[in-house]
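Chemist: Any chance you could fold what I've pasted below:
(2 chains)
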Amino acid sequence: MTMQALLRRHGVVLGLAVLVLVLPLVLPSNFYFRIATLTFIFALAVLGLNLVMGYAGQVSLGHGGFFGIGAYAVAVGPTHFGIPVWAALPLGALLAGLLAFLIGRPILKLKGHYLAVATLGMGILIAMVFTNEAQFTGGPDGMSVPRLVLFGWSARGPVTWYWISGVSLVGAAWLAMNLIDSPTGRAFRAIHDSEPASGVLGVNVARYKLIAFVLSAVFAAVAGAYLALYDGGVTPRTAEFLRSIEFVTMAVLGGLGSVIGSVVGAAFLTILPQVLTVFHDYEHVVLGLLIILFMMFLRDGIVPTLARLIFRRRP
Amino acid sequence: MSLLSVRDIGIEFGGVTALSGVSLDVGPAEIFAIIGPNGAGKTTLFNIISGLYVPKKGRVELRGEDVTRYPVHRLSELGLSRTFQNLQIFFRMTAAENVMVGRHLHEKRGVLPHLFALPSTKKQNAETRAKAEELLAFVGLKGISEQTAGNLPYGALKRLEIARALASEPEVLLLDEPAAGCNAVETAEIDEIIQKIAARGVAVVLVEHDMRLVMKISHRIHVLESGRTLAEGSAQEVRRNPKVIAAYLGKHAGEEAAHA
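Modeler: Residues are numbered from 1 along each chain as shown, chains lettered A, B, ... in the order given. Sure thing, here's the model as predicted:
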């Protein structure tokens, strides 16, 4: 591997680690810690979505559902089945991965718009289960989530969750970067550019689409569990259709096929609505307009477009 | 024994017969060309051999094993690889990474070691990259390995496809118009590359419109017209065959050649 590639790979993880370490020095209040924490949590889910969308090139409009499975796992598991919270979290991730495997097998044969609609239906179905199975989930009102307690230490508050989500995000970015530069990651990217050529070279296209889908579901479920644990509660809105759309928007806006782009996209859609509250009633209009403008002028997403501009100008 | 054997292949698209009764055999170290006018079914035949289409009739055998209905990726395991006429490059990946994908079946494919970048994965990555660099040099693309494939010129992409196909270490290599769009110098280079590949014992099956190249390097030539076999033989035999001359130059010329 060349020096440049080495730097590019570790640069991303290192840069992210530095950001997580330095940010607390400038965050003035708990409110800002909350925004940063939410950004990290959503970035975690978007990073997973980027594996399947940005790298393997398969669209999913249903990842809100996997996010919800993670969130409800830490609520339902401890409340109804006496599973400790620390065990419910990985169990939820496992469940989301298993479901992605079972649903992904048939629907990943579909392409483009058809796959989009199938994943959309999947997400809506999962959200419906959360709303309708009221005896387990509390129905539309949702339910409360017990605190995560590790070795007698209870995780609560924005600062604690800032560190948990921040360290997890750096870890997830490290895993993603490792994967991208491995036979599995190369298979993902090859499928994105040409399925016939991938197949001819021995890549089992169906298998690698499924691997990307399952991995991304696990990322989303962990993120969902974090949000539920941090908020201390969960409602069907956690997993609703709009959540899936939000993830896709974050991934596309930040940059498909870019790990840093996932974080930037998540930050953009988490921070901006807070900033835009100065516009009062027109908040959503301005947000929509900004998204359109960004997509028009930074077509490949914020991070890839800017990266290209910077590197091209270099002598 | 022949490495690749095609038996009585027939396929139709929407009721129109694209291929009918086509059979051929290719052995180790042989350069076997398939020629014919546009629409003769050359690329269709390639797509059947490489598993992208399933024929309505007949079968394809690799070393005697019937592979007609095998999924595409299984054929690579059995030693078949190909390039594409309308380039199928992984254009967002670097040149080296394109070739590295070709090593897929020679790599360990456990996802967990890849996620955690275990030492074994890193070592394997380095080996795969070295092999890719070697193949890029073999096809005359030294020094471009870190460039994004999408930015490379057409002639380079043609050779990149050959390097990528070779990375899987095939016994049978299908080349779909390797010299299309190349200038005389590039064609001469590709000519040399093909001969070197065959000299290693690979059965090379070639679809090509550049007749000078075909006549020069092919051991045997199979002529298709309208989905049927017109003739098969050495360059000399095919060149003298009145039916072939008729197909290429018109019926009248064919009659003249028959009288000559």
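Chemist: Quick check: closest non-adjacent residue to residue A:165.
Modeler: Sequence neighbours aside, residue A:40 is the residue nearest to residue A:165 in space, at 3.8 Å (criterion: C-beta to C-beta, 6 or more residues apart in numbering or on different chains). All C-beta atoms are positioned from the backbone trio N, CA, C, and that covers glycine.
Chemist: quick one, what contacts the one you found?
Modeler: Shown in contact with residue A:40 (C-beta atoms under 8 Å, 6 or more residues apart in numbering or on different chains): A:20, A:162, A:165, A:166, A:168, A:169, A:266.
Chemist: what does chain A put close to chain B?
Modeler: Within chain A, the positions near chain B by C-beta under 8 Å from any C-beta of the partner chain are A:1-2, A:4-5, A:175, A:178-179, A:181-187, A:189-190, A:192-194, A:196-205, A:211, A:215, A:257.
Chemist: Give me the subset of those lying in strands.
Modeler: When DSSP state E is applied, the residues of chain A next to chain B are split such that none fall in strands.
Chemist: just the buried members of the residues you listed?
Modeler: By the neighbour-count criterion of 16 or more other C-beta atoms under 10 Å in any protein chain shown, the residues of chain A next to chain B include these buried positions: A:175, A:178-179, A:181-187, A:189-190, A:192-194, A:196-205, A:211, A:215, A:257.
Chemist: Now for chain A, the helix or strand with the poorest mean pLDDT.
Modeler: In chain A, the helix or strand scored least confidently by mean pLDDT, DSSP states H and E is strand A:153-155, which has a mean of 80.
Chemist: elements contacting it?
Modeler: For strand A:153-155, the contact count by 3 or more C-beta pairs under 8 Å, 6 or more residues apart in numbering or on different chains; DSSP states H and E identifies strand A:148-150 as packing neighbours.
Chemist: Next, the buried residues of the strand it packs on.
Modeler: Residues of strand A:148-150 classed as buried by neighbour count (16+ other C-beta under 10 Å): residue A:148.
Chemist: burial of residue A:88, as a residue count?
Modeler: 27 (other C-beta atoms under 10 Å in any protein chain shown).
Chemist: Now name the helix or strand holding the residue nearest to it when sequence neighbours are not counted.
Modeler: For residue A:88, the nearest residue in space outside its immediate sequence neighbours is residue A:77; the separation is 3.3 Å by C-beta to C-beta, 6+ apart. Residue A:77 belongs to helix A:63-81 when assigned by DSSP states H and E.
Chemist: Convert that helix to PDB, retaining C-alpha atoms only.
Modeler: Extracted in PDB, the C-alpha atoms of helix A:63-81 (Å, rounded to 0.1, in the frame of the first residue of the first chain):
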ATOM      1  CA  HIS A  63     -33.400   1.500   7.600                       C
ATOM      2  CA  GLY A  64     -35.600   3.400  10.100                       C
ATOM      3  CA  GLY A  65     -37.100   0.000  10.800                       C
ATOM      4  CA  PHE A  66     -33.800  -1.600  11.800                       C
ATOM      5  CA  PHE A  67     -33.100   1.600  13.900                       C
ATOM      6  CA  GLY A  68     -36.400   0.900  15.600                       C
ATOM      7  CA  ILE A  69     -35.600  -2.700  16.300                       C
ATOM      8  CA  GLY A  70     -32.500  -1.700  18.100                       C
ATOM      9  CA  ALA A  71     -34.400   1.000  20.100                       C
ATOM     10  CA  TYR A  72     -37.300  -1.300  21.100                       C
ATOM     11  CA  ALA A  73     -34.900  -4.200  21.900                       C
ATOM     12  CA  VAL A  74     -33.500  -2.200  24.900                       C
ATOM     13  CA  ALA A  75     -37.000  -1.200  25.900                       C
ATOM     14  CA  VAL A  76     -39.000  -4.500  25.500                       C
ATOM     15  CA  GLY A  77     -36.100  -6.800  26.400                       C
ATOM     16  CA  PRO A  78     -35.600  -5.500  30.000                       C
ATOM     17  CA  THR A  79     -39.200  -4.600  30.700                       C
ATOM     18  CA  HIS A  80     -41.000  -7.800  29.500                       C
ATOM     19  CA  PHE A  81     -38.300 -10.500  29.400                       C
END
